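Novice: could you look at this predicted model? Sequence included:
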Amino acid sequence: MNLSKNFTLAEMVKSQTAERKGLSNEPDPEQVYSMAQLCENILQPVRNEFGSFLVSSGFRSGELCVAIGSKITSQHAKGEAADFEVAGVDNYDLAVWIEQNLAFDQLILECYTGGNTGWIHCSYVAEGNRGETLTYDKVNGYRTGLIK
């Protein structure tokens, strides 16, 4: 099932942890709808601008969230968030492009130490996107804005 021109449901629910632990990672129709919105409004525009890339973490069932130490209230569990990076593109530059060009709920530059390190977490909701931009690292925690 396609969620956008270049993104499928299969890739958005793929999880090595779920496979290894034998956990279900099947979304319900509402979560599929949220993933389609995320793909159409965030992931597809990023692909159109920067080329092909893989989502490292998309949908996570509640069971999978618990298994990896995340919260079952995570936007990943609602189908509203994805973690990704684009090979050869500095993650800070990618985050700046998203901030300047796309409507999003939350954009987090995570574990960035320069170049293509860390990853981008971006979420989208059908109504009421906050446009919140953060930087996260293990030393400083969450800070407002995109910080190099």
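Specialist: It's in.

Novice: in this structure, which spans are strands?
Specialist: Using DSSP state E, the strands of the chain run over residues 55-57, 81-84, 106-110, 119-123, 132-137, 141-144.

Novice: would TSV of these with mean neighbour count be doable?
Specialist: In this view, the C-beta of every residue, glycine as well, is placed from N, C-alpha and C. As requested, the strands of the chain are exported to TSV (neighbours: other C-beta atoms under 10 Å):
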stretch	mean neighbour count
strand 55-57	17
strand 81-84	22
strand 106-110	22
strand 119-123	23
strand 132-137	17
strand 141-144	10
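
Novice: out of those strands, which is closest to T17?
Specialist: For T17, the closest of these is strand 55-57, at 9.4 Å, according to C-beta to C-beta.

Novice: do a quick rundown of the helices in the chain.
Specialist: 9-13, 16-21, 29-38, 44-50, 62-68, 91-101 (DSSP state H).

Novice: need the contact partners of the second one.
Specialist: Residues lying outside helix 16-21 but in contact with it, judged by C-beta atoms under 8 Å, 6 or more residues apart in numbering, are L23, S24, N25, S61, L64, A67, I68.

Novice: that's all I had, so thanks and see you.
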